[in-house]
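**Q** Show me how the following folds:
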Amino acid sequence: MKATTLLERQHRNLQELCETVERGSASMRVSLLPQLAGDLSALMAVEEQLFYPAACAALRDEAPLDVCREHGDEARRSLHRALEASPEGEEFERAIGELRQAVVRHAHEEQDELFPRLEKALDAAAMRQLGMSMLAMYDVAVESGYPAQ
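**A** Next up, the predicted model:
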């Protein structure tokens with residue numbers, strides 16, 4: 001699977017998980033929040049350690065990646081706030097709503113701006129190889145779970 005297709009799927013899964021947590025009962029939030037935290041952490045690690053360096057090298061440009069990283073940092077801050085808040089409280093609801101919005105903005109920025117440029121810069125074989133490396137790293141990161149703070 002090519003790298004951009006993998007990321008599109010992971011973005012969509014994160015968005016759906018955020019929506020489920022946001023709309024769920026307190027007990028559902030408690031049970032799904034660790035999965036959301038682990039999936040988000042894994043995605044960000046893969047993007048930062050594999051995808052962004054490959055994109056920077058292929059595009060010879062880091063400017064579009066700064067915005068993507070900014071959205072990732074925003075998502076991390078919102079996740080941390082959600083993890084610290086009571087799942088029944090307003091702070092939790094605000095934090096999860098902000099997290100969902102950050103994930104959506106991040107996905108749109110990458111998918112609308114970065115992915116089309118990268119798909120022109122990398123051939124199909126390179127995109128598939130990058131995608132395989134990213135998937136392997138993602139699986140290990142998800143298995144490891146969200147790092148304890």
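
**Q** Could you measure from residue 84 over to residue 93?
**A** Going from residue 84 to residue 93 by Cβ to Cβ, to the nearest Å gives 14 Å. For the C-beta atoms, the positions are set from N, CA and C on the backbone; glycine is no exception.

**Q** Also residue 138?
**A** For residue 138, the distance to residue 93 - Cβ to Cβ - is 28 Å.

**Q** Have a look at these two and say which one is more surrounded.
**A** Per other Cβ atoms under 10 Å, whichever of residue 138 and residue 93 has more neighbours is residue 138, with 20 against 15.

**Q** contacting residues for the more buried one?
**A** With contact set as Cβ atoms under 8 Å, 6 or more residues apart in numbering, residue 138 has these partners: 6, 10, 42, 43, 46.

**Q** again, only using 7 Å
**A** Counting by Cβ atoms under 7 Å, 6 or more residues apart in numbering, residue 138 touches 42, 43, 46.

**Q** What strand or helix carries it?
**A** helix 124-144 (DSSP states H and E).

**Q** circling back: so which of the contacts of residue 138 comes closest to residue 102?
**A** Nearest to residue 102 among these is residue 43, at 12.2 Å by Cβ to Cβ.

**Q** List the residues that contact that closest one.
**A** Residue 43 makes contact with 10, 14, 138, according to Cβ under 7 Å, 6+ apart.

**Q** Please dump those into TSV; it should also carry pLDDT and distance to residue 116 for every row.
**A** Shown next, in TSV, are the contacts of residue 43 (pLDDT from 0 to 100; distance: Cβ to Cβ, whole Å):
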residue	pLDDT	distance to residue 116
10	96	18
14	95	21
138	95	22
